[in-house]
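Colleague: What follows is a predicted protein model with its sequence.
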Amino acid sequence: MELSMGNNGGAWGDEHEAASNSRNKGKKAYHRHSYQQIQQLEKYKTSTILLSRTTFHTQSERADNSVLRSENERIQCENLAFREALKNVICPACGGPPFGEEERQRSLLKLKMENSRLKEEHEKVSALLTKYIGKPFDSLTPGAGSSQGVLPTGAPNQGTTNHGNDLERNPGSDNRKLVCRRRGIPDMEKALMAETAASAADELVRLLRANEPLWIKSPSDGRYIIDRVGYEKLYARSGRFKSSNARVESSKDSAMVTMPGMDLVDMFLDPNKWIDLFPTIVTKARTILVLEAGMAGNRNGSLQMMYEQMHILSPLVPRREFYFLRLCQQLEPGQWVIADISYDFLKDGSPSRAWRLPSGCMIQDKPDGCSRVSNYCISIPEMIK
């Protein structure tokens, strides 16, 4: 009995286990990861994404580098080709080989210096035009002359017409041409006259203050005369002064005059008083044109175009005619400079055969009412054209 129940009990247990297994087979098995496993999986995912991005950027940069490398090689090839071509280039001006780097640098420096010099000259002429014409340089028409006269605004014209008539009546000279020419002097010409006179005044001051070896004492009469070689080295002149037939005369002296300096200045700027001051030397003098009257009271800046006829009391010395510019400058209170320089108004040869290089005098006022006058003169009395 027990055996049978025991067998029956074992059979029932097997059936129960089989039924339980059949039920478990129908359900899906789930496995939950631990926290450490989850952290490792997230780290792996992040590193995978970063690696893919890094790989993409690397491939892009590699492609760009390849393109740039090929472009660099192409430019280098073109550069080598250009260099080879430059070796065979000839200068279009002279037909020779091109300049080297050092020669190009020297040429560039020379051009810069020339440009700077031209700019300074342009500014100087512009300033002179503004000063003597009364208008800015930009408002002037190049080469245009005045149809109403040649005097700038505010410049006195007293006696100019009479002097011109006197010159026209002077026989044996080209004064008719000169008078006709002076009635139509362009503004640029007047500015050039002003610049020429200012340069002559600067040269006058330097030469008056210079001594030996520029001035040497003549062995015949003890007068100081200019050293022509040294003078030509300092101040290069036109080739017409280097003629073998040209004879240069020069002198330098200083003396006291019992007259105030301002009175002397007025006498130099008035042709009639000038004749009276040197009656045995100056036989005729005219003011052709007053370019600038100068400041009232000291005549600083006065500029005149003048005519002078000189004659030494000797039958062996012919008369000499000069057409020149006379400028008065006040260096400081009580000190003036009167500078003369010949000027070719006709531009086709001077009416006279004589030519005066920058000459003149320096007048220094003294407390006792006298003046010290230092003067020098350099002229070519017989200039062969």
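Modeller: Perfect, I can see it now.
Colleague: ok but Trp298 is inside a helix, no?
Modeller: Quick fix: residue 298 reads Asn, not Trp. No: assignment of Asn298 by DSSP: H, G, I helix; E, B strand; the rest coil gives coil, placing it outside any helix.
Colleague: In space, what's closest to it - neighbours in sequence excluded?
Modeller: Nearest-residue entry for Asn298: Gln330, 5.1 Å, with adjacent residues in sequence omitted and distances by Cβ to Cβ, 6 or more residues apart in numbering. Quick note: C-beta positions are derived from backbone N, CA and C, even for glycine.
Colleague: what do you get for Leu291?
Modeller: Ranked by Cβ to Cβ, 6+ apart and with sequence neighbours excluded, the top spatial neighbour of Leu291 is Leu303, at 4.3 Å.
Colleague: For Cys328, see how far away the one you found is.
Modeller: Plainly put, Leu303 is 8 Å away from Cys328 if you go by Cβ to Cβ, to the nearest Å.
Colleague: which neighbours do those two share?
Modeller: Shared contacts of Leu303 and Cys328, defined by Cβ atoms under 8 Å, 6 or more residues apart in numbering, are found at Gly294.
Colleague: Contacts only, for the residue nearest to Asn298.
Modeller: Residues in contact with Gln330 (Cβ under 8 Å, 6+ apart) are Met295, Asn298, Arg299, Asn300, Trp336, Val337.
Colleague: change it to 6 Å
Modeller: With contacts defined as Cβ atoms under 6 Å, 6 or more residues apart in numbering, the neighbours of Gln330 are Asn298, Asn300, Trp336.
Colleague: Is the last one in a helix, a strand, or coil?
Modeller: Looking back up the chat, that one is Trp336. strand.
Colleague: Please look at it and Leu264 and confirm they touch.
Modeller: No: between Trp336 and Leu264 no contact is recorded; they are 8.0 Å apart, counting by Cβ atoms under 6 Å.
Colleague: In terms of neighbours, single out the busier of those two.
Modeller: A count of neighbours by other Cβ atoms under 10 Å puts Trp336 above the other of Trp336 and Leu264, at 25 against 20.
Colleague: residue contacts, that one?
Modeller: Val265, Gln330, Ile363.
Colleague: And Asp221, how far from Ile288?
Modeller: For Asp221 relative to Ile288 (Cβ to Cβ), the value is 35 Å.
Colleague: Neighbour count: the two, which is higher?
Modeller: Residue environment comparison for Asp221 versus Ile288 gives the larger neighbour count to Ile288, 23 against 8, counting by other Cβ under 10 Å.
Colleague: Nearest spatial neighbour of the more buried one, chain-adjacent residues omitted?
Modeller: Spatial nearest neighbour of Ile288, excluding adjacent residues (Cβ to Cβ, 6+ apart): Met305 at 4.5 Å.
Colleague: The one you found is in contact with Leu289, isn't it?
Modeller: Yes: counting by Cβ under 6 Å, Met305 touches Leu289, with 4.2 Å between them.
Colleague: mind listing the helices in the stretch 151-300 of the chain by residue range?
Modeller: When assigned using DSSP state H, counting those that start in this stretch, the helices of the stretch 151-300 of the chain occupy the ranges 160-168, 175-182, 187-209, 228-234, 261-269, 271-277.
Colleague: Give me the neighbour count for Asn224.
Modeller: In this structure residue 224 is Tyr, not Asn. For Tyr224, the neighbour count with other Cβ under 10 Å is 17.
Colleague: ok, now Tyr235?
Modeller: A count of neighbours around Tyr235, defined by other Cβ under 10 Å, yields 14.
Colleague: Equivalent analysis for Glu249, please.
Modeller: What Glu249 shows, counting by other Cβ under 10 Å, is a neighbour count of 14.
Colleague: Find the nearest non-adjacent residue to it, please.
Modeller: Taking Cβ to Cβ, 6+ apart as the measure, Glu249 lies nearest to Ser379, with 5.4 Å between them; neighbours along the chain are not counted.
Colleague: Now the helix or strand where that neighbour lies: buried residues?
Modeller: Using DSSP states H and E, Ser379 sits in strand 371-380. Of the residues in strand 371-380, those scored as buried under the neighbour-count criterion (16 or more other Cβ atoms under 10 Å) are Ser371, Val373, Ser374, Asn375, Tyr376, Cys377, Ile378, Ser379, Ile380.
Colleague: other SSEs contacting that strand?
Modeller: strand 249-257, strand 359-365 (3 or more Cβ pairs under 6 Å, 6 or more residues apart in numbering; DSSP states H and E).
Colleague: Now with 8 Å, please.
Modeller: In this structure, strand 371-380 makes packing contacts with helix 187-209, strand 249-257, helix 261-269, strand 355-356, strand 359-365, judged by 3 or more Cβ pairs under 8 Å, 6 or more residues apart in numbering; DSSP states H and E.
Colleague: now what about the fourth one, what contacts it?
Modeller: Put plainly, it is strand 355-356. Defining contact as Cβ under 8 Å, 6+ apart, one finds that strand 355-356 is touched by Phe241, Phe322, Phe324, Asp340, Ile341, Ser342, Cys377, Ile378, Ser379, Ile380, Met383.
Colleague: mind redoing it with 6 Å?
Modeller: Contact partners of strand 355-356, identified using Cβ under 6 Å, 6+ apart, comprise Phe322, Phe324, Asp340, Ser342, Ser379, Ile380, Met383.
Colleague: so what's the third one up against?
Modeller: Taking Cβ under 6 Å, 6+ apart as the definition of contact, the neighbours of Asp340 are Phe324, Arg326, Arg356, Ser359, Gly360.
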